[in-house]
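Chemist: Here is the input, now give the coordinates:
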Amino acid sequence: MAAPAAAGPGEGPCGPLLDDLMPWSVRPLRTGRPWVTAPDAASLRARWERLVRAAGPERDQLFGPTRARTPQTPVAALPGFGPSTGTGRFAREQGPCPEPVRILHGPFDEQWLLPDHRLIDVARPELWRVADGHQLFVLEHGRVPQDTGPVLSVTALLPDGHSPAGRPGRIRPLYRRPGGTEPNLAPGLLALLRARHGDAVTAESVLAWILAAARRSPAGCVVPLPADTARWSAGVELGRELLRLQLRGARGRQRPRLPGGRRPYVRAAVPAAPSELSYDAEDEVLSLGSGRISPVPAGAWDFRVGGVRMLELWFERRAAGSGAGGLEAVRPRVWPQEWTSELLELIALLALLAELRPRQDELADGPEIGVPELRAAGVLPVAAPARRPASVLDHQEEGPDGQFALL
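Modeler: Numbering: from 1, shown residues only. Below you'll find the predicted structure:
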């Protein structure tokens, strides 16, 4: 029997690749030093204060020099922060801590970051330039053999793109420019989908379909495009629900909540320094040391990305006795109440996402808009400029040592 023909450029085994439908993508951030992120903002402020009080070799050691960043490295300001963060050498820094910003660390962990370009090895300024109240970011999770978790997640926060396991994926903004303008979609895709499914098709409805229908393949993330409007509408409705849940109250969306009777509660208070996490499937009890939370659906406990349980990973980043040293050791001495509230919401989010998974699987069958039709319409192949960031600078950005960057 003859071997099957190799897929052509931009063609996966079941449809077009996400890499072609959302052509502009950015690699994950690389902080270079883990102490610049934390589950709570107060720890970041305390770490900053300890660092700027140090001098000489002690400051260098606490800083954690890399080839990309040392206390002597001059860098430009992060886009959007201007003079609020320094651009002079950090070795001379004596000022107040910049206000920490909320980010998405990995697929589902909301944490905090010090927004100082001098502290981040690779900050991906092109992402910061388009991060505003209209932007949404799609995270493509790296492929891990036999992974059954979600292919994508979405957030309104700036994501760092950290991968729990395996090779990191890409970050894909929905819009190429601030203000929610110029969708990051293959040129001609919106027009083709509107001709097939009606003028109500928008960039956000395309994103909703992608969230609901994306599949893994050896070639990458594949997004089959439906030819029938009924299937398109069902997928968009499901994708909007996935989007609502993952935005966690951002942009006016309702926060994820399980229905009454299934809503998890704290049955025994979380101790000051829990060091172990366990789950009783029979009683649906999640234990944090002597603390007890229930009911916790099995779907939330078993929810994995890249083969890693999300609840275990979330807890490990906050557990006492993690062995961290240096500035990472500056952390809450007792378990904050805010972490318990965040955990309850994360349990609800993961449980609800797990419940929707069968509906996602139902979208797999049906007639599709194939790669040949996309090529005939001029959507594929994607022109090179669509894969590069748009020129969005309408003002000067402060460069190293306070000098304005040349535009």
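Chemist: in this structure, which helix has the most residues?
Modeler: helix 337-362 (DSSP state H).
Chemist: what packs against that helix?
Modeler: For helix 337-362, the packing partners by 3 or more Cβ pairs under 8 Å, 6 or more residues apart in numbering; DSSP states H and E come out as helix 203-213, helix 229-247, strand 265-268, strand 291-294, helix 298-301, helix 310-316. For the C-beta atoms, the positions are set from N, CA and C on the backbone; glycine is no exception.
Chemist: which of the residues in the second one are buried?
Modeler: Counting neighbours by 16 or more other Cβ atoms under 10 Å, one finds that the buried residues in helix 229-247 are 231-236, 238-247.
Chemist: try the fifth one
Modeler: Neighbour-count burial for helix 298-301 flags 299-301 (criterion: 16+ other Cβ under 10 Å).
Chemist: Give the single residue among those residues positioned nearest to P389.
Modeler: Nearest to P389, judged by Cβ to Cβ, of those is A300 at 36.7 Å.
Chemist: can you pull the contacts of the closest one?
Modeler: Listed by Cβ atoms under 8 Å, 6 or more residues apart in numbering, the contact set of A300 reads 311, 346-348, 350-351, 354.
Chemist: which of those tops the neighbour count?
Modeler: Counting neighbours by other Cβ atoms under 10 Å, I347 leads the contacts of A300 with 27 neighbours.
Chemist: tell me the pLDDT at that residue?
Modeler: I347 carries a pLDDT score of 98 in this model.
Chemist: Surely it is in contact with P295?
Modeler: No: counting by Cβ atoms under 8 Å, I347 stays clear of P295, with 9.4 Å between them.
Chemist: would you turn the contacts of A300 into CSV with distance to F90?
Modeler: Supplementary listing: the contacts of A300 in CSV, determined by distance: Cβ to Cβ, whole Å:
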residue, distance to F90
L311, 36
L346, 34
I347, 39
A348, 40
L350, 38
A351, 43
A354, 44
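Chemist: picking up where we left off before, shared neighbours, I347 and P295?
Modeler: P264.
Chemist: ok so, going back, looking at the helices and strands packed on helix 337-362, which is nearest to E110?
Modeler: Per Cβ to Cβ, nearest to E110 of the helices and strands packed on helix 337-362: helix 310-316, 9.7 Å.
Chemist: Contacts for that closest one next, please.
Modeler: 106-109, 164, 274, 277, 279, 286, 288, 300-301, 303-304, 322, 343, 346-347, 350.
Chemist: start to end distance for stretch 146-153?
Modeler: Terminal residues of stretch 146-153 are spaced 18 Å apart (Cα to Cα, to the nearest Å).
Chemist: Next: stretch 89-97.
Modeler: Terminal-residue distance, stretch 89-97 (Cα to Cα): 15 Å.
Chemist: Look up how far V379 lies from the most centrally placed residue in the chain.
Modeler: Centroid check for the chain by Cα atoms, centre = their mean gives P159 as the closest residue, at 3.9 Å. From P159 over to V379 the distance is 27 Å, taken as Cβ to Cβ, to the nearest Å.
Chemist: gap between F315 and L343?
Modeler: Applying Cβ to Cβ to F315 and L343 gives a distance of 8 Å.
Chemist: More neighbours: which of those two?
Modeler: L343 (22 against 18).
Chemist: The more buried one reaches G291, doesn't it?
Modeler: No: counting by Cβ under 8 Å, L343 stays clear of G291, with 9.9 Å between them.
Chemist: Can you report phi and psi for the residue nearest to the centre of the chain?
Modeler: phi -90, psi 150 (degrees, to the nearest 10).
Chemist: hang on, the earlier thing: can I get the helices and strands packed on helix 337-362 in CSV with mean pLDDT and distance to P187?
Modeler: Output for the helices and strands packed on helix 337-362, formatted as CSV (pLDDT from 0 to 100; distance: least, Cβ to Cβ, whole Å):
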stretch, mean pLDDT, distance to P187
helix 203-213, 98, 13
helix 229-247, 98, 20
strand 265-268, 98, 50
strand 291-294, 98, 48
helix 298-301, 98, 39
helix 310-316, 97, 36
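Chemist: Between the ones you listed, which one is closest to E99.
Modeler: helix 229-247 (22.2 Å).
Chemist: and the closest one, what does it pack onto?
Modeler: Where contact means 3+ Cβ pairs under 8 Å, 6+ apart, helix 229-247 is packed against strand 152-155, helix 189-197, helix 203-213, helix 337-362.
Chemist: repeat that with 7 Å
Modeler: strand 152-155, helix 203-213, helix 337-362 (3 or more Cβ pairs under 7 Å, 6 or more residues apart in numbering; DSSP states H and E).
Chemist: List of residues touching the shortest one?
Modeler: Identification of contacts with strand 152-155 by Cβ atoms under 7 Å, 6 or more residues apart in numbering yields 104, 107-108, 136-141, 211, 214, 243, 246.
Chemist: try it again with 6 Å
Modeler: Contacting residues not belonging to strand 152-155 are listed as 104, 107, 136-140, 211, 214, 243, 246 [Cβ atoms under 6 Å, 6 or more residues apart in numbering].
Chemist: possible to save these as JSON lines with distance to P74?
Modeler: Below are the contacts of strand 152-155 laid out as JSON lines (distance: Cβ to Cβ, whole Å):
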{"residue": "L104", "distance to P74": "29"}
{"residue": "P107", "distance to P74": "34"}
{"residue": "L136", "distance to P74": "33"}
{"residue": "F137", "distance to P74": "29"}
{"residue": "V138", "distance to P74": "33"}
{"residue": "L139", "distance to P74": "31"}
{"residue": "E140", "distance to P74": "33"}
{"residue": "L211", "distance to P74": "41"}
{"residue": "A214", "distance to P74": "41"}
{"residue": "L243", "distance to P74": "40"}
{"residue": "Q246", "distance to P74": "38"}
